[in-house]
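Colleague: predicted model and sequence follow; I will ask about them next.
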Amino acid sequence: MMTILKHTLALLLFLTAFGLLQDVIAQERINILSADRGEGGFIDGEPVRKLIGNVKLTTDNMIMDADSVYQFENLYMIHAFNIQIETENDIIWADTLFHNTRTDYSRFRGRVIMLSEKNTLFSEALDYDRILDVALFNRPVRFEDESGVLIAEDGYYFQNTDIAFFRGNVQLADSLQYLEADSLFMNRGSEFYRLFNNVYAEDREENVTFTGDFLEADSTGYRLLQGNAWMMQVNEAGTDTSHLNAGIIHVTETDTANFIDAYQDVSIWSKSFAAIADTSHYRSDTEEFRLISNPVTWQGRIQLTGPYIKALLEDDQIKYLTSYTRPIAVQEDSLTGRFNQLRGDTLEAFFNTGEIQKITVFDNSEVIFHLKDDDDQPDGLIEMIAAGATTIEFFEGELDSVYAYRNIDGSHLPENPENIDRQLNDFRWDPEMKPERPDIGKPRLPAITLERPFDLPDRYIRYMLQNELIP
């Protein structure tokens, strides 16, 4: 049902590129290929060795181009300016590199770009701690690959455990999905994801949108949405929309069907069907809803109340309802406003293109139906009980005929104000509880733009042009 987060992995393959930073730092053998000049001096009282102008350094694993490189021996610090660092698989550009040769801690500042085979990173600050093997993004960061973009205000990545955490207005967009949240936790190895607070997602492939306070997901098709959970699905024809609200929504995808389980204050709304319950279960291959614990359903002007209700849909229209034990169905007459009532041990209702055709209750049936004269004016009512089944047939949504079987007992009550409000036991009519069409969830954040977070460095532009990588 939902492909949300299935494509996130491709956007984050860049994270393995942090291994290249181990080649930048504390090399045993550094070759100086070129520099306009070298000189010594002092900065803030500290001795410094300087390579200035068109600096090119190499090691066994990388090439660095820079405008200048300063070595502060007493501080165990190297400063490099306007750099390009290239390894076999990755390239980093930055305005400044600060590297501590004693702690193996590197700080890239300014316009930082990391280009790997799979994607590109843009940020104004990137730190790497080799001892802890963690990369820190303490400024807004943007990742791009051929399919989409991920942006966040900050985050960090633990290379040893393959775990990343992004915080602050996290957004992900590609051709199949859009997703946003306050924060995102992910374990790339197990493809396990958690999103926290203000979660909003669109699955454009499956026409599903949802919101909530928390989302947990993995690569198997498992999804857990909690806290003000809302899900909307548009049918393939784009002609019908269904909404599901609950405290918890749990989705499981298989090769043959999708299963959606909802708990806590469940409400369902579609053009032809509405319901509430404590628990609901849905499976896509049979289009079957099962409502458990205090369920109530509405279809047109009919309300059905019972301990257990099952509904079958066809092409997103309700086709069949059944309920037991001792459910009660109430229909409001569109002209008189009076309530036709039917109850029994088990109830079945049949629909055609979403419109009620007939309702049958089996065993120990009871019925109250109001009569109308030839001018469609109220004309009394009939009360009836039967040991067997009773069937009510409808025409264009209105009661048309009633049939009862076995040991029938009934009476006709003439038109009288005292008879108008007669009710069966357990009568319920709760229009105020019927779900209304929910407000459509909208993205909280502005759309991701094509604009990069800063003017691109000249070294980066030249490299992209020379390698014909700019479209």
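Modeller: Thanks, I have the structure now.

Colleague: so the residue lying closest to Asn89 once chain neighbours are set aside: helix, strand or coil?
Modeller: Using Cβ to Cβ, 6 or more residues apart in numbering and skipping residues adjacent in sequence, the residue nearest Asn89 is Glu117, 6.1 Å away. Every residue, glycine included, has its C-beta placed from N, CA and C. Three-state call for Glu117 (DSSP: H, G, I helix; E, B strand; the rest coil): coil.

Colleague: okay, now Glu117: neighbour count?
Modeller: By other Cβ atoms under 10 Å, the residues close to Glu117 number 10.

Colleague: partners of the most centrally placed residue in the chain in the sheet?
Modeller: Centroid-nearest residue in the chain, with Cα atoms, centre = their mean: Ala201, separated by 3.8 Å. Taking DSSP bridges as the rule, Ala201 bridges to Leu179, Phe210.

Colleague: local confidence estimate at it?
Modeller: If you check Ala201, the pLDDT there is 92.

Colleague: which parts of the stretch 301-450 of the chain are strands?
Modeller: Counting by DSSP state E, counting those that start in this stretch, the stretch 301-450 of the chain has strands at residues 302-305, 308-314, 317-324, 328-332, 339-343, 346-352, 355-362, 365-372, 378-386, 390-395, 398-404, 409-413.

Colleague: contacts for the second one, please.
Modeller: When contacts are taken as Cβ atoms under 8 Å, 6 or more residues apart in numbering, the neighbours of strand 308-314 outside the stretch itself are 273, 275, 277, 286-292, 295, 297, 318-325, 327.

Colleague: how about the fourth one?
Modeller: Outside strand 328-332, the residues that touch it by Cβ under 8 Å, 6+ apart are 301-306, 338-343, 347, 349, 359, 361, 399, 424, 426-429.

Colleague: give me the domain ranges for the protein.
Modeller: Here the domain parsing of the chain from automatic domain parsing is 1-150+441-471, 220-435.

Colleague: what about the shortest one, distance to the chain center?
Modeller: Its chain's average C-alpha position is 33 Å from that of domain 1-150+441-471, according to Cα atoms, centre = their mean, to the nearest Å.

Colleague: Serialize the domains of the chain to JSON lines and add fields for mean pLDDT and distance to Phe158.
Modeller: JSON lines is the format used below for these (pLDDT from 0 to 100; distance: least, Cβ to Cβ, whole Å):
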{"stretch": "domain 1-150+441-471", "mean pLDDT": "82", "distance to Phe158": "5"}
{"stretch": "domain 220-435", "mean pLDDT": "92", "distance to Phe158": "23"}
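
Colleague: I'd like the ones you listed laid out as CSV, including distance to Phe192.
Modeller: Listed next are the domains of the chain as CSV, based on distance: least, Cβ to Cβ, whole Å:
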stretch, distance to Phe192
domain 1-150+441-471, 10
domain 220-435, 9
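
Colleague: ok, which of those comes nearest Glu191?
Modeller: domain 1-150+441-471 (6.2 Å; Cβ to Cβ).

Colleague: quickly note the distance from Lys310 to Arg283.
Modeller: Separation of Lys310 from Arg283 (Cβ to Cβ, to the nearest Å): 11 Å.

Colleague: for Gly212, same thing?
Modeller: 21 Å.

Colleague: between those two, which one's more packed in?
Modeller: Gly212 (25 against 17).

Colleague: mind naming the longest helix for this protein?
Modeller: helix 458-466 (DSSP state H).

Colleague: in what helix or strand does Gln84 lie?
Modeller: Taking DSSP states H and E as the criterion, Gln84 maps to strand 77-86.

Colleague: contact partners of whatever helix or strand comes next after that strand?
Modeller: For strand 77-86, the succeeding helix or strand toward the C-terminus, using DSSP H and E, is strand 91-100. By Cβ under 8 Å, 6+ apart, the list of residues contacting strand 91-100 from outside reads 20, 24-25, 76-85, 105-115, 126, 457, 459-460, 463.

Colleague: try it again at 6 Å.
Modeller: Outside strand 91-100, the residues that touch it by Cβ atoms under 6 Å, 6 or more residues apart in numbering are 25, 76-81, 83-85, 106-115, 457, 459-460.

Colleague: alright, that wraps it up for me.
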